[in-house]
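[1] Just a sequence and a predicted model for now, questions to come.
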Amino acid sequence: MTLSMSSASLPVCTRMLSNLSHILAKAEQFVEAKKIDPTALTTYRLAPDMFPFTRQVLIACDAVKNGVARLSGIEAPKFDDTETTLAQLQERIQKTLAFIATVPAAALDGTEDKEITFPAGPGKTRTLSGQNYLTGWMLPNMYFHITTAYTVLRHNGVDVGKVDYLMGAQG
C-alpha cells in the first residue's frame, strides 16, 4: 500500500498543530489559575542559545505553512511574526490550520520527486526531493519545535503530558 504525500502531510500537520493549540490552552489556564505574568512562559527558553517559547510556536507553524506551500506550489501566506501573547499564538496556529485546509490533496499528491529548494540556515539552501523534504525536513522540523514548546511549558509547571502532546483535546 502506498501512502500519498497529502495523507502523509495534511492530517499529520493538522493533528499536531491542533494538539499544540490544546497545549497552549492549558498554558492559558495555568497562567490564569496561578495569577502569573504570561511572559514568564512566552519568553522562556531552556538554554541561553535557544529560541524562546513564542518563537518555537511560530517556527512550528511556519514549518507547516511553508512546507505545504513548497510541496504544493501554492504561495504561502505571509505572517508578520509579531505575536507576543498566548492568545496571539493561538491565532497564529488557527491561521496556519486555515491555510493548510485550503490546499487540495491533488496539489500535494505526485510531488514525491519534485525538487524542493528551501532555506537551511542563514545564507544556506538545500534541495531535496519532495518525499525526502516532507519526511526528512518538514515533519521533523515541525515535531522538534512543537516538542520544544511542550517541554518549555512542562518544565514551567503547566499540567501537560504525553497524551496532550499526542492526542490533544481528544485525549
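    Now that the structure is in, tell me what you want to look at. Numbers count the residues shown, from 1 in each chain.

[2] Report the spatially closest residue to the residue nearest the centre of the chain, excluding sequence-adjacent ones.
    Geometric centre of the chain, nearest residue: residue 60, 2.5 Å, by Cα atoms, centre = their mean. Leaving aside its sequence neighbours, residue 60 sits nearest to residue 145 (Cβ to Cβ, 6 or more residues apart in numbering; 3.9 Å). Bear in mind the C-beta positions are built from the backbone N, C-alpha and C, glycine included.

[3] again, but for residue 97
    residue 17 (5.5 Å).

[4] My guess is the one you found contacts residue 99. True?
    No. Assessed by Cβ atoms under 8 Å, residue 17 is found out of contact with residue 99, at 10.6 Å.

[5] more crowded one of these two?
    A direct count of neighbours by other Cβ atoms under 10 Å for residue 17 and residue 99 places residue 17 higher, at 25 against 18.

[6] Contact partners for that one?
    Residues counted as contacts of residue 17 (Cβ atoms under 8 Å, 6 or more residues apart in numbering) are 60-61, 64, 93, 96-97, 146.

[7] what secondary structure does it sit in?
    helix (DSSP: H, G, I helix; E, B strand; the rest coil).

[8] quick revisit: okay, among the contacts of residue 17, which ones form the most distant pair?
    Using Cβ to Cβ, the contacts of residue 17 reach their maximum pairwise distance at 97 and 146, which is 13.4 Å.

[9] what about those two, which has more around it?
    Ranked by neighbour count (other Cβ under 10 Å), residue 97 and residue 146 place residue 146 first, with 23 against 18.

[10] The more buried one falls within a helix, correct?
    Yes. Residue 146 forms part of a helix when assessed by three-state DSSP.

[11] if I've got this straight, residue 128 is in a helix?
    No. With three-state DSSP as the criterion, residue 128 is strand rather than part of a helix.

[12] That one reaches residue 137, doesn't it?
    Yes. With contact defined as Cβ under 8 Å, residue 128 reaches residue 137; the gap is 6.4 Å.

[13] Output the below-cut-off pLDDT ranges for the protein.
    Along the chain, the parts satisfying pLDDT under 70 run over 1.

[14] Could you pull out the helices in it for me?
    5-34, 39-42, 53-72, 86-101, 105-108, 130-133, 139-155, 162-167 (DSSP state H).

[15] Point out the most buried one among those.
    helix 53-72 (a mean of 23; mean count of other Cβ atoms under 10 Å).
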